[in-house]
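Return a 3D structure for these sequence lines:
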Amino acid sequence: PGFWLDGGTHAAEWTSVMSCIFSISRWIELIESGDQRLIEWLKKHTIYIMPCVSPDGFSAMFEGKPFLRSCMRPPAPGRVRSGLDPQDIDGDGEVRWMRWRDPAGPYVPDESISGFMRPRTLADDPDDAFFFAPEGLFVEWDGVEWKQAPRQFGLDLNRNFPSHWSPFSMFGMDGGTFSLSEPESRALIDAFTARPFIGAGLTNHTYTGCILTQPSRENSPLGDGDILLLERLANELVIGTDYRVFRIYPDFAYNKKKAVVGLWSDTMTTTLGVPSYTLELWDPFKFCGLENEDPVSFFVKPDHEQIKKLVSEMVRKTDAITPWQEMEHPQLGTIEVGGLNYMKTVRNPPDDVLATECERGYLVTDRLRQTLPNAEISTEVERKGESHLIRFTVENRGYLSTMGLDIAGELPGTPSMSVHLKDCPNVHTVVGQTTQTMPHLGGWGLQGSSGANSIYPSLSARSHRQHVEFEVQGTGTVTLEYTLGRGGCGQLNIELD
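Numbering: from 1, shown residues only. Purely as a prediction, here's the structure:
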């Protein structure tokens, strides 16, 4: 059985990449220190990690490119970009913010936080007004219009996956021309599906300080049992981290009238049947002692008073704001460059807090790892006249079933449960077929909508133990090859006297 972990789908969310690397390092440290529990687990399980899904975009941002969502896919052929293009114009290797005074400007300096800008009100003096935008130059400019250019790199990889894909547009971003249109998303899903025994997955992002679970849309293909199982497990995964649990729909939907499309975690769960989550690392509000009860509203209906409290605390705790510095802009004349360091306060934690945040991410990651199916196999050989009766018994001691989710039973890519008796020159089958199938094994997480109830206890509808029998004649070594759903595969030898 395998556990999947990835990060870096969004280039600016480097905490997601660092959290993957932190988890790798922690596991290696535990192995080197002789942690027998992990060592024994790894003898029967595998961890697959893709730390950075969008390496080109990630690298570009560290080389000083402006904010980009995912990768470096250029605009469509023939499309002309006109307007302010974010770029480093003062040569400091960063794309920050710039402001210039103008009576038509929609911003004014905030009186209580030095260097911070707030939205202009009717009571403000036009002489105090500024235009406030990313540092950059106007491209294809007529010398008159001041408007933002469309994003140069506007693809959001986390809207490019198969689950419920449809054309998508929000905040100047899109989900690609068709599902898996991009090499990064294709490489990711190819790597995942090439490993059919992956039993659980986690994809890292920022920033909300929460784990996102199903359903992802109003008309989810998942049954109530799968949805409630994932939610129960999510609540256990975040214990001790201060992370919250949100359902993608309706809690994390920007527009509740539109389904969230093309998500990777949703593809793992509903398209491939693998229990999976999105982990939103880093909660800047929590770091500042504040509560952001409705994270989606922060994005779509920003409350300046809420933002002001956040920035005020960030300034008190960190070097959040770079003082404004005058410079001559080749198109605008005198401007100032500086302002809030968004990338190391809001989008990601400050450097000195990064390791602590990765530790939280590791706690969630490591707990999810431990939920995989854990198959224990035993065999017995009984003499029956001229024959041998071989009994193969398997039981699952893991949290999750060997099917993963109930929906996996409807999906063609879900591995089945079977045992095959290989041909042996001196042994032949007397009764039955050489390949026998078994039902999937339940896990102690109790598949079903009710879960475990101490007042009304019962056995699960799906047994955690199954067996098959082969009656054979002859002597020598026989080999049994087995596939145990997402519980893995293997073979064993039995000597017949």
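
just for the stretch 201-350 of the chain, where's the confidence low?
Scanning the stretch 201-350 of the chain for pLDDT under 70 picks out nothing.

Could you pull out the strands in it for me?
Assigned by DSSP state E, counting those that start in this stretch, the stretch 201-350 of the chain shows strands spanning 210-213, 244-247, 276-281, 321-329, 333-340.

among those, which is nearest residue 296?
Of all these, strand 244-247 sits nearest to residue 296, with 9.0 Å by Cβ to Cβ. Every C-beta, even on glycine, is put in place using the N, C-alpha and C of the backbone.

List the strands paired with the closest one, with their directions.
strand 210-213 (parallel) (DSSP bridges).

how about the CA coordinates for the strand it pairs with, as PDB?
Taking Å, rounded to 0.1, in the frame of the first residue of the first chain, the C-alpha atoms of strand 210-213 are listed here in PDB:
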ATOM      1  CA  CYS A 210      -7.400  24.100   7.600                       C
ATOM      2  CA  ILE A 211      -8.000  20.700   6.000                       C
ATOM      3  CA  LEU A 212     -10.500  20.600   3.200                       C
ATOM      4  CA  THR A 213     -12.700  17.600   2.900                       C
END
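
Show me what that strand is in contact with.
With contact meaning Cβ atoms under 8 Å, 6 or more residues apart in numbering, strand 210-213 is reached by 227, 230-231, 234, 237-238, 243-248, 252, 265, 277-280, 283, 295, 364.

Can you give me the distance of the spatially most central residue of the chain to residue 158?
Among the residues of the chain, the one closest to the centroid is residue 203, at 1.8 Å (Cα atoms, centre = their mean). Computed as Cβ to Cβ, to the nearest Å, the residue 203 to residue 158 distance reads 8 Å.

returning to what we had before: so who does the residue nearest to the centre of the chain touch?
If you count contacts by Cβ under 8 Å, 6+ apart, then residue 203 has 5, 6, 7, 9, 264, 265, 268, 276, 277, 278, 279 around it.

Specify the beta-bridge partners of the last one.
According to DSSP bridges, the partner residues bridging residue 279 are residue 204, residue 211.

Was I right to think it contacts residue 204?
Yes. Using Cβ atoms under 8 Å, residue 279 is in contact with residue 204, at 5.3 Å.

Of all the strands of the stretch 201-350 of the chain, which one comes closest to residue 113?
Residue 113 sits nearest to strand 321-329 of all these, at 7.6 Å, using Cβ to Cβ.

Report the angle between the closest one and strand 333-340.
Calculated by axes from the mean of the first three to the mean of the last three Cα atoms, to 10 degrees, strand 321-329 forms an angle of 160 degrees with strand 333-340.

quick one: contacts of strand 321-329?
Contact partners of strand 321-329, identified using Cβ under 8 Å, 6+ apart, comprise 89-90, 96, 98-100, 113-116, 311, 315, 334-341.

Identify the contacts common to residue 279 and residue 204.
Here residue 279 and residue 204 share the contacting residues 19, 361, scored by Cβ under 8 Å, 6+ apart.

mind listing what's buried in stretch 282-290?
282, 283, 284, 285, 287, 288 (16 or more other Cβ atoms under 10 Å).

which of these lies closest to residue 349?
For these, the nearest to residue 349 is residue 282 (5.1 Å; Cβ to Cβ).

coming back round to it: overlap in contacts, residue 203 and residue 158.
9, 264.

okay if I get the strands of the stretch 201-350 of the chain as a markdown table plus mean neighbour count and distance to residue 141?
Output for the strands of the stretch 201-350 of the chain, formatted as a markdown table (neighbours: other Cβ atoms under 10 Å; distance: least, Cβ to Cβ, whole Å):
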| stretch | mean neighbour count | distance to residue 141 |
| --- | --- | --- |
| strand 210-213 | 26 | 41 |
| strand 244-247 | 20 | 42 |
| strand 276-281 | 27 | 38 |
| strand 321-329 | 14 | 12 |
| strand 333-340 | 18 | 14 |
